[in-house]
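Chemist: could you look at this predicted model? Sequence included:
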Amino acid sequence: MHTLILFATDTFALLSISGDEISTGLDTASTVDILRILSFSMRFFNRTAVVSLLQPSPEAVAMFDEIILLSEGHVIYAGPTKDAGG
């Protein structure tokens, strides 16, 4: 199941957006294209996107400023992507 939530107000139409496993069934190039568009939109409107990805490629992870990594339901890392290590 995919979830895309868009909140709207009277004065501004793009308040928040979240996506649940938006890359399911897509190749890396398509996923990165979607993330690039999402990133541009969020920066343009000065908003935040919350996205969950199941087993993302390194290219997809690199598109994020900050990440939260989960393992068996527990947070194993939360912070800047560049500090996540490899």
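Modeler: Happy to help now that I have it.
Chemist: just give me the neighbour total for residue 32.
Modeler: Residue 32 has 18 neighbours, counted by other CB atoms under 10 Å. (C-beta placed from N, C-alpha, C; glycine too.)
Chemist: do the same with residue 41
Modeler: Around residue 41 there are 13 residues (other CB under 10 Å).
Chemist: am I right that it is in a helix?
Modeler: Yes: counting by DSSP: H, G, I helix; E, B strand; the rest coil, residue 41 is found in a helix.
Chemist: ok, it to residue 34 distance?
Modeler: Noted for residue 41: a distance of 11 Å to residue 34, by CB to CB, to the nearest Å.
Chemist: what of residue 68?
Modeler: For residue 68, the distance to residue 34 - CB to CB - is 19 Å.
Chemist: neighbour-wise, which of those two wins?
Modeler: Neighbours per residue (other CB under 10 Å) separate residue 68 from residue 34, with residue 34 holding more: 17 against 12.
Chemist: which secondary structure element contains that one?
Modeler: helix 28-44 (DSSP states H and E).
Chemist: mind listing what's buried in that helix?
Modeler: Judged by neighbour count using 16 or more other CB atoms under 10 Å, the buried positions of helix 28-44 are 31, 32, 34, 35, 38, 42.
Chemist: which residues in this structure form strands?
Modeler: Listed in chain order, the strands of the chain (DSSP state E) span 4-6, 17-20, 49-52, 66-71, 74-80.
Chemist: so which of those gets nearest residue 58?
Modeler: strand 66-71 (11.9 Å; CB to CB).
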